[in-house]
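A.B. asks: following is a predicted model, sequence given first.
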Amino acid sequence: MANTSINSISLKAMVDKASNQIIFVESDNDFIDVIFSFLTIPMGKIIRLTPNQSIRLGVGCLNNVYASVKNMDVKHFRTEACKDMLLSPRSVAESQCKNLKVKIYNDEATQYFMCSHNRVDCKLSYCKYLNCDSCGGSINKEKNLLVTPDGGVFVKGLSRLIITDDLQVIPPLTAASLPLLTKLGIMDGNTIEEVTINVGVDEVLNLLMRSLASKTPLTESLLKNKPRRKFCNENQGINTEPQMVKDKTNLEGTISVKLIVSKSKKMVCYAEAGEDFVNLLLSFLTIPLGFIVKHMGNCSLQGCIDQLYKSVQDLDDQYMMSSYHKEMLLTPKLVPGFCYENHLLGTEEATYYYAGSTGFLSTDRVLLATQTALATKSIRSYCGQESAQTSIRPIAFRDPKANHHQHTNAQVQGFLEGPAMFTVTDDLNIRPVSLIFGLSLLNELKVPLTDIYVQTVQVHEEEALRLLVAAFLGDSALTNTFIRETEQNKRIKQEQ
């Protein structure tokens, strides 16, 4: 008999017998950690996982960006590694997620290598046997990331919580659950029953996909006899204002894009843009899901991933491993090397810390200090603790997008070779610029040449964030970002 405990979790679910719908499931940290990890997964990795599912769910039109990268000749990229970084983006939480009870992807663990000279200015690299930019030494010493020693991921091991069908995570207390039962119209305990459900990789993948496009993802992914809703790729929301709007009077770092617009249809037929704009679009694949949810503002969603994000925000800190783990979910950062100069989204790269006295490496400075002190057997002494702390320093990375023979002391560049021009459709299909392709698009859209005009727009941080959200929510990303009037502009006009 197969051992179902390997890469699976057993859940107790309360099910409404009349509607055959999950009211909530009760779980310890194992399942909570799995669903919280959704927020740390880069969009490119989520899209890559989708073809393995029976559900072919497009995440807005980001799947078109992914397909464009996959189909683009490698000669358009600075290096072959750039293409790989977009098709299989890494997560800062990768080391933590090794401890998940159910792992939905089994990529090879990221390797870290350091210069054998171990100078303060030496850098880390994802590749071995390169020359150090700082001292010229050989990068050949492998370093492993520290993980929490007790095996936890995001939530403490003794935590027990309930998860509603729309992914609200709340304490399993009567006072908290009564409003939920009342809201669902359940007044009699005889109408509900307890069901045991085994959750494996397929169920978790299913849950991830449905959390992006359903209000009842637990029922639809875990109840075998529940009819499954047909998914579509319609626009999920009209309002695509980012959560935080910055002052756009500073023109430094902006990107210029030419839009080919239909007068009658009031839509962007396609855009012609340089590699700087396309670098921005390609970078969407490296963005963790939690970053997008954070910036969605008041956008309406078909799914309920925003409820999961809000649950992390509202969850009492006593349930979390640490404030660092909570921040990792609410403000996920990029792996070093995935940002580049003029990256308008305002994303940050995670800081990696290195303890020279032990050779330990971690993104969690508190964990690193504790483990370094324990390793040097000096945690009981104040002086020893101080010594362990002072041996810890931030460590920079060699730009993984650069050619191996290049020095990378300057601010890193984007993924594409330049200068180059591209044609970008409204739903973010990207190709090298082509008049034939542009005319074919107009013909396909039934837009005559007499109906178009060219509009030049400037992309600042506000537009970049709005474009990211629009790409996540629906198919008309360029139109929703640059042509359709935002709710904010409508309010301004009404007040005038």
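C.D. replies: It's in.

A.B. asks: relative to residue 305, how far out is the residue positioned nearest the centre of the chain?
C.D. replies: With distances taken as C-alpha atoms, centre = their mean, the residue of the chain nearest its centroid is residue 288 (1.3 Å). When C-beta to C-beta, to the nearest Å is applied, the distance between residue 288 and residue 305 equals 12 Å. From N, CA and C alone the C-beta is placed, and that goes for glycine too.

A.B. asks: then residue 194?
C.D. replies: Between residue 194 and residue 305 the distance, using C-beta to C-beta, works out to 27 Å.

A.B. asks: before we move on, what about residue 360?
C.D. replies: Residue 360 sits 34 Å away from residue 305 when distances are taken as C-beta to C-beta.

A.B. asks: so who does residue 477 touch?
C.D. replies: Under the criterion of C-beta atoms under 8 Å, 6 or more residues apart in numbering, the contact list for residue 477 reads 60-61, 426-428, 467, 470-471.

A.B. asks: next one: residue 451
C.D. replies: Residue 451 is in contact with 262-265, counting by C-beta under 8 Å, 6+ apart.

A.B. asks: switch to 7 Å and redo it
C.D. replies: By C-beta atoms under 7 Å, 6 or more residues apart in numbering, the contact set of residue 451 is 262-264.

A.B. asks: same question for residue 85.
C.D. replies: By C-beta under 7 Å, 6+ apart, the contact set of residue 85 is 338, 400.

A.B. asks: chain center to the helix or strand it falls within, what's the gap?
C.D. replies: Under the criterion DSSP states H and E, the helix or strand holding residue 85 is helix 80-87. Distance of helix 80-87 from its chain centroid, counting by C-alpha atoms, centre = their mean, to the nearest Å, is 16 Å.

A.B. asks: ok, and for that helix, which residues are buried?
C.D. replies: Across helix 80-87, burial judged by 16 or more other C-beta atoms under 10 Å covers 81-83, 85-86.

A.B. asks: out of the contacts of residue 451, which is most surrounded?
C.D. replies: Most neighbours among the contacts of residue 451, by other C-beta atoms under 10 Å: residue 262, with 20 neighbours.

A.B. asks: state the distance from that residue to residue 92.
C.D. replies: Applying C-beta to C-beta to residue 262 and residue 92 gives a distance of 42 Å.

A.B. asks: low-confidence ranges, the protein, go.
C.D. replies: Low-confidence segments of the chain, defined by pLDDT under 70, are located at 1-6, 51-58, 151, 174-177, 181, 184-189, 225-252, 377-390, 404-412, 485-496.

A.B. asks: ok so, going back, so which of the contacts of residue 477 wins on neighbours?
C.D. replies: Neighbour tally across the contacts of residue 477 (other C-beta under 10 Å): the maximum, 31 neighbours, falls on residue 470.

A.B. asks: packing partners for the helix or strand where that one lies?
C.D. replies: With elements taken from DSSP H and E, the one containing residue 470 is helix 461-473. Here helix 461-473 touches helix 289-294, helix 477-482, going by 3 or more C-beta pairs under 7 Å, 6 or more residues apart in numbering; DSSP states H and E.

A.B. asks: pull the first one out as PDB, backbone CA atoms only.
C.D. replies: The C-alpha atoms that make up helix 289-294 are tabulated as PDB, following Å, rounded to 0.1, in the frame of the first residue of the first chain:
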ATOM      1  CA  LEU A 289       2.400  37.000  -6.800                       C
ATOM      2  CA  GLY A 290       2.300  38.800  -3.500                       C
ATOM      3  CA  PHE A 291       3.900  41.900  -5.000                       C
ATOM      4  CA  ILE A 292       1.100  42.100  -7.600                       C
ATOM      5  CA  VAL A 293      -1.600  41.600  -5.000                       C
ATOM      6  CA  LYS A 294      -0.100  44.300  -2.800                       C
END
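
A.B. asks: can you pull out the strands in the stretch 151-300 of the chain?
C.D. replies: Under the criterion DSSP state E, counting those that start in this stretch, strands of the stretch 151-300 of the chain are mapped to 160-164, 169-170, 192-199, 255-262, 267-274.

A.B. asks: those into a markdown table, with extra columns for distance to residue 444?
C.D. replies: Conversion of the strands of the stretch 151-300 of the chain to a markdown table gives the following (distance: least, C-beta to C-beta, whole Å):
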| stretch | distance to residue 444 |
| --- | --- |
| strand 160-164 | 44 |
| strand 169-170 | 45 |
| strand 192-199 | 43 |
| strand 255-262 | 12 |
| strand 267-274 | 9 |
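
A.B. asks: just the ones you listed: most buried one?
C.D. replies: When neighbours are counted by mean count of other C-beta atoms under 10 Å, the highest per-stretch mean among the strands of the stretch 151-300 of the chain falls to strand 267-274, a mean of 22.

A.B. asks: so that strand versus strand 255-262, what angle?
C.D. replies: Between the axis of strand 267-274 and that of strand 255-262 there is an angle of 150 degrees, by axes from the mean of the first three to the mean of the last three C-alpha atoms, to 10 degrees.

A.B. asks: which neighbours does strand 267-274 have in its sheet, and in what orientation?
C.D. replies: Its sheet considered, strand 267-274 pairs with strand 255-262 (antiparallel), strand 421-425 (antiparallel) by DSSP bridges.

A.B. asks: what does that strand contact?
C.D. replies: The set of residues that contact strand 267-274 without belonging to it, under C-beta under 7 Å, 6+ apart, is 257-262, 418-426, 433, 438, 441-442, 445, 447, 452, 476, 478-479, 482-483.

A.B. asks: just the strands in the stretch 301-450 of the chain please.
C.D. replies: Counting by DSSP E, counting those that start in this stretch, the strands of the stretch 301-450 of the chain are 352-355, 360-362, 392-395, 421-425, 430-432.

A.B. asks: for the fourth one, buried residues please.
C.D. replies: By 16+ other C-beta under 10 Å, the buried positions in strand 421-425 come out as 422-425.

A.B. asks: could you export the buried residues of helix 80-87 as CSV, including distance to residue 160?
C.D. replies: As requested, those are arranged in CSV below (distance: C-beta to C-beta, whole Å):
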residue, distance to residue 160
81, 43
82, 44
83, 44
85, 39
86, 39
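
A.B. asks: so which of these comes closest to residue 278?
C.D. replies: Of all the buried residues of helix 80-87, the one with the least separation from residue 278 (C-beta to C-beta) is residue 86, at 11.3 Å.

A.B. asks: any idea how far that closest one lies from residue 309?
C.D. replies: Remark: distance between residue 86 and residue 309 (C-beta to C-beta) = 24 Å.

A.B. asks: no further questions, thank you.
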